[in-house]
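Undergrad: just need the structure, nothing else, for what follows:
(one chain, ligands or ions: 1)
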Amino acid sequence: MELWQKILNSSFRQPAQLAKYFRGIDVASLDRVAETYPMCINPYYLSLVERPDDPIGRQCIPDPEELEASASVPDPLAEESTSPVPCLVHRYPDRALFLVTTRCAMYCRFCTRKRKVGKQDEPITEEMRRDAIAYIARTPEIRDVIVSGGDPLLLPDETLEGLLQSLRAIPHVEMVRIGTRVPCVLPQRVTRKLADMLKKYHPLYMNVHFEHPREVTPQAAKALNRLADAGIPLGNQSVLLKGVNDDPATFVELNRKLLACRVRPYYIYQADPVEGTEHFRTPVDAGLAVVRGLRGHTSGLAVPQYVIDAPGGGGKIPLLPEYVVARDGERVLLRNYKDQYYVYPEVDQTPAVPPLAARCPLSLDPDPDPDPVGRVQA
Ligand code: SF4
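TA: Residues are numbered from 1 along each chain as shown. Next comes the predicted model:
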């Protein structure tokens, strides 16, 4: 058995196992949470936790707030309704999301797929994966496949290689992306053998998932550098989480550390309104403040896109602080990162691509819909 498998097999799955590390834990109430949303914390990730309510502990230790009633829903991104075959989401014409397992090296308490991950009763089978590949093969508009889960790097090397081989054999699939938290939560899994296998399937991209600078440990850095050495372009996707990373300084430090490991910060997601994760949500202003704290204050490479994944399956919508203050057709009044103002001379020319409608017919006042979450019709 390899080291990563031993670490994974020693994972803590019962809140009572945490009691000897953290005094004052209310085991009975955490048990109730873990019955609904499974707990799995491997000893490596647990070693990064100093207190249950610190930015690392909040990500992995169950919290009674997960069971509190809220307006959130299990599947706000409507993945189930855009799934033509089990374990495949086909929302955008040229991209497909292939969910290859429901297992992870740790069950993040804020997970968007909390409805699925770690649930023993709904495993993803070999047959389901075959059906998903058959769908991709008969759908020529799909040119980009995102392999996700759960965590695809929890599959055995041979299973993962079989999937990559099958995808690569489909002529219209131009690229494959793997979404994984393994380099962050179980970096020992990134073995030389795994990296050697992955590099046979280029163009292969990987989006990793770090939330806090304390996660960029020497072990994680080694894993990331090993993947980069295998020629895999690495991006990071973070979720903005209350009490974990909802301040600009945390992201400045995280993104600098990631860039030092050749990982390009790619997205910061506004937390989705997922049932059981309400206590992690932040106001949109917190995300805009993070972008303002990065842009201009650190290198442009360290500034990811801040996006909201629109409820109801509308896709990612980028959000920017208001740098364009006013325009009159001849001039644009701009604000820079120091809150200084500049006038830029506009070009008198009809743009080839028409601009977005200046005025939107919708407003939130009066309320356009009795339940204004998700798509609103104009
Ligand atoms: S590793 Fe990813 S899929 Fe698994 S629980 Fe964490 S966020 Fe969810």
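
Undergrad: so the closest residue to Ile133 other than its chain neighbours, which of the three states?
TA: Closest residue in space to Ile133, ignoring its immediate chain neighbours: Ser166 at 4.9 Å, by Cβ to Cβ, 6 or more residues apart in numbering. Using the backbone N, CA and C atoms, a C-beta is placed for each residue, glycine as well. With DSSP: H, G, I helix; E, B strand; the rest coil as the basis, Ser166 sits in helix.

Undergrad: from the ligand, how far out is Ser166?
TA: 22 Å (Cβ to the nearest ligand atom, to the nearest Å).

Undergrad: same thing with Leu163?
TA: From Leu163 to the ligand the distance is 17 Å (Cβ to the nearest ligand atom).

Undergrad: what segments of the protein are helices?
TA: Under the criterion DSSP state H, the chain contains helices at 3-9, 27-36, 43-46, 57-60, 126-137, 157-168, 182-185, 192-198, 218-229, 248-260, 284-294.

Undergrad: and Gln377, which of those helices is closest to it?
TA: Nearest to Gln377, of all the helices of the chain, is helix 284-294, at 22.4 Å by Cβ to Cβ.

Undergrad: check which helices and strands the closest one sits against.
TA: For helix 284-294, the elements it packs on are strand 234-240, helix 248-260, strand 263-270, strand 305-310, strand 315-319, judged by 3 or more Cβ pairs under 8 Å, 6 or more residues apart in numbering; DSSP states H and E.

Undergrad: pick the most buried one from the helices of the chain.
TA: Mean neighbour count (mean count of other Cβ atoms under 10 Å) peaks for helix 182-185 among those, with a mean of 26.

Undergrad: ok, back up a step: turn the helices of the chain into CSV, columns for mean pLDDT.
TA: Converted to CSV, the helices of the chain look like this (pLDDT from 0 to 100):
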stretch, mean pLDDT
helix 3-9, 97
helix 27-36, 96
helix 43-46, 98
helix 57-60, 98
helix 126-137, 97
helix 157-168, 98
helix 182-185, 98
helix 192-198, 98
helix 218-229, 98
helix 248-260, 97
helix 284-294, 96
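
Undergrad: I'd like those helices as a markdown table, with distance to Cys108 appended.
TA: Supplementary listing: these in a markdown table, determined by distance: least, Cβ to Cβ, whole Å:
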| stretch | distance to Cys108 |
| --- | --- |
| helix 3-9 | 15 |
| helix 27-36 | 14 |
| helix 43-46 | 10 |
| helix 57-60 | 6 |
| helix 126-137 | 23 |
| helix 157-168 | 21 |
| helix 182-185 | 8 |
| helix 192-198 | 22 |
| helix 218-229 | 16 |
| helix 248-260 | 16 |
| helix 284-294 | 19 |
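
Undergrad: would you turn the helices and strands packed on helix 284-294 into TSV with distance to Tyr337?
TA: Formatted as TSV, the helices and strands packed on helix 284-294 follow (distance: least, Cβ to Cβ, whole Å):
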stretch	distance to Tyr337
strand 234-240	20
helix 248-260	11
strand 263-270	17
strand 305-310	15
strand 315-319	16
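
Undergrad: nearest to the ligand, out of the ones you listed?
TA: strand 234-240 (7.9 Å; Cβ to the nearest ligand atom).

Undergrad: buried ones in the closest one, by neighbour count?
TA: Within strand 234-240, the residues that qualify as buried are Leu234, Gly235, Asn236, Gln237, Ser238, Val239, Leu240, counting by 16 or more other Cβ atoms under 10 Å.

Undergrad: ok, which of the helices of the chain comes nearest Val89?
TA: Closest of these to Val89 is helix 126-137, at 9.8 Å (criterion: Cβ to Cβ).

Undergrad: mind checking how far the closest one is from the chain centre?
TA: Remark: helix 126-137 is offset 24 Å from the chain centroid, using Cα atoms, centre = their mean, to the nearest Å.

Undergrad: can I get that helix in CSV? Just the C-alpha atoms.
TA: Extracted C-alpha coordinates of helix 126-137, given in CSV (Å, rounded to 0.1, in the frame of the first residue of the first chain):
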residue,chain,number,x,y,z
GLU,A,126,-18.1,1.8,-13.9
GLU,A,127,-21.2,1.4,-16.1
MET,A,128,-22.3,5.0,-15.4
ARG,A,129,-18.8,6.3,-16.4
ARG,A,130,-19.0,4.2,-19.6
ASP,A,131,-22.4,5.8,-20.4
ALA,A,132,-21.0,9.2,-19.8
ILE,A,133,-18.1,8.6,-22.2
ALA,A,134,-20.5,7.2,-24.8
TYR,A,135,-22.6,10.4,-24.5
ILE,A,136,-19.5,12.5,-25.0
ALA,A,137,-18.5,10.4,-28.0
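
Undergrad: okay, the angle between it and helix 157-168?
TA: 20 degrees (axes from the mean of the first three to the mean of the last three Cα atoms, to 10 degrees).

Undergrad: which strands or helices does helix 126-137 pack on?
TA: Judged by 3+ Cβ pairs under 8 Å, 6+ apart, the packing partners of helix 126-137 are strand 88-89, strand 95-99, helix 157-168.

Undergrad: what's the nearest residue to the most centrally placed residue in the chain if we skip its chain neighbours?
TA: Geometric centre of the chain, nearest residue: Gln237, 4.8 Å, by Cα atoms, centre = their mean. Spatial nearest neighbour of Gln237, chain neighbours left out: Tyr267 (4.7 Å); criterion: Cβ to Cβ, 6+ apart.

Undergrad: would you confirm that that neighbour contacts Ser238?
TA: Yes: counting by Cβ atoms under 8 Å, Tyr267 does reach Ser238; the two are 7.2 Å apart.

Undergrad: would you mind listing what in the stretch 101-250 of the chain touches the ligand?
TA: Contacts of the stretch 101-250 of the chain with the ligand, taken as Cβ under 6 Å from any ligand atom, map to Cys104, Tyr107, Cys108, Cys111, Arg113, Val117, Gly149, Gly150, Asp151, Arg181.
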